[in-house]
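Trainee: need a 3D model of the following:
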Amino acid sequence: MSNPTTNLRIVQPPPPAMATLGRALELLLGQTRQRVVDGVRSAATLGMQESHARWLEARLGADYELELLTGLRLIELSEAWRARGREDGRPLTLSTLAKRLTTLRRAVRLAVQRGELDDMPIFPEIGLPPWRARQHVLCTYDQLLKLLSVLPVRRRDWVSVAVWSCQRPGDVERMRWQDVNLDADPPWMFVRSTKTRKPDGIKVKMPQPMRDVLCRLRERLYKEGRKPAATDLLIDRWPGVSRTLPVVCVRNGLPPMSAIDLRHTGISWMVRRIGLTRAAQEWGGWSDYNMMSKHYAHALPAGLAQASDELASIVDEKPPENDTGKGGKGKKRK
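Mentor: Sure, this is the predicted structure:
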């Protein structure tokens, strides 16, 4: 009898796909397109990423092998791109270069996850834009009232929800009535941070000013015979808000606020009241505490005298009842 094993074919695994720039960018854009369909990313984000991908392919070529991207090579490329400038002769800003390097980094990271590259190259910090404290925020509640007074009713609702929920514009417009409960005690809502890949959101207590706004909105809808369903959008979308809102602000003596500045306003007010806390970090959606500290420490009052008093108050602090002063359990102090 013939040995059956002699008729078996040894199937060789297919060779790994070539890790080229064009393939990596194509797969990255495919992932982003799917996330737009899922409602996690906006079409504007996809358009910006496509623009960066075309720019990178024009500079390096679609057949450029990603394994050639060493840390030293990335530094050389960054410096050369900065020196070359833009197509129209204007300089290439650090912020624009940082965004294009971010697109490249994401494409390379996906190639590593697919096993096409062994590891990530070290990306240079030369592309990081210099950080400056954000100035375009509403400093007082009176400024918010002034802005609301010159807006139509539905735009007032938009601005109020953006400020009091401390969410990004896209997440504000994704909110539905099922994401809030105005009649609970206390009232609550879900806040999201889809930019940091947390689309499910967290449940938080709703600030009273936001509840007042939504209660008035609900009453208006009832009077119009439009009882909101759970899946209805919470507020009307505002197309072109970041073009319209700054003009409205400047005309009324306010800083030229963009839509994202409303989120920064709410978070700055929160930090001013409670400090750079774990709760503020979780609400804002940052995984890194240092990121929040970097961008919102300016909202903290100087408070040096208060800091001194807090330090001295340790003298009057009473120890816990079970504290023996020796790190273990003991008799209660009288």
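Trainee: in this protein, which spans are strands?
Mentor: 180-181, 188-193, 198-205 (DSSP state E).
Trainee: so what's the gap between the last one and the chain middle?
Mentor: Right, strand 198-205. 14 Å (Cα atoms, centre = their mean, to the nearest Å).
Trainee: which strands border that strand, and is each parallel or antiparallel?
Mentor: strand 188-193 (antiparallel) (DSSP bridges).
Trainee: which residues touch the closest residue to Asp179 other than its chain neighbours?
Mentor: Using Cβ to Cβ, 6 or more residues apart in numbering and skipping residues adjacent in sequence, the residue nearest Asp179 is Phe190, 4.4 Å away. Where you see a C-beta, it was placed from the backbone N, CA and C, and this is true even at glycine. Applying Cβ atoms under 8 Å, 6 or more residues apart in numbering, we find Phe190 in contact with 175, 179-180, 201-204.
Trainee: redo that, cut-off 7 Å
Mentor: By Cβ atoms under 7 Å, 6 or more residues apart in numbering, the contact list for Phe190 reads 179, 201-203.
Trainee: filter these down to the buried ones.
Mentor: Listed as buried from these are 179, 201; burial here means 16 or more other Cβ atoms under 10 Å.
Trainee: from what I can see Ala107 touches Gly22, true?
Mentor: No - the pair Ala107 / Gly22 is not scored as a contact, 9.8 Å apart, by Cβ atoms under 7 Å.
Trainee: ok, those two, which is more surrounded?
Mentor: Legend: neighbour count by other Cβ atoms under 10 Å for Ala107 and Gly22, higher for Ala107 (25 against 17).
Trainee: how near is the more buried one to Asp118?
Mentor: 16 Å (Cβ to Cβ, to the nearest Å).
Trainee: check Gln49 too.
Mentor: 25 Å.
Trainee: more neighbours, those two?
Mentor: Gln49 (23 against 8).
Trainee: the more buried one contacts Thr103, doesn't it?
Mentor: Yes - contact criterion Cβ under 7 Å: Gln49 and Thr103 qualify, at 5.7 Å.
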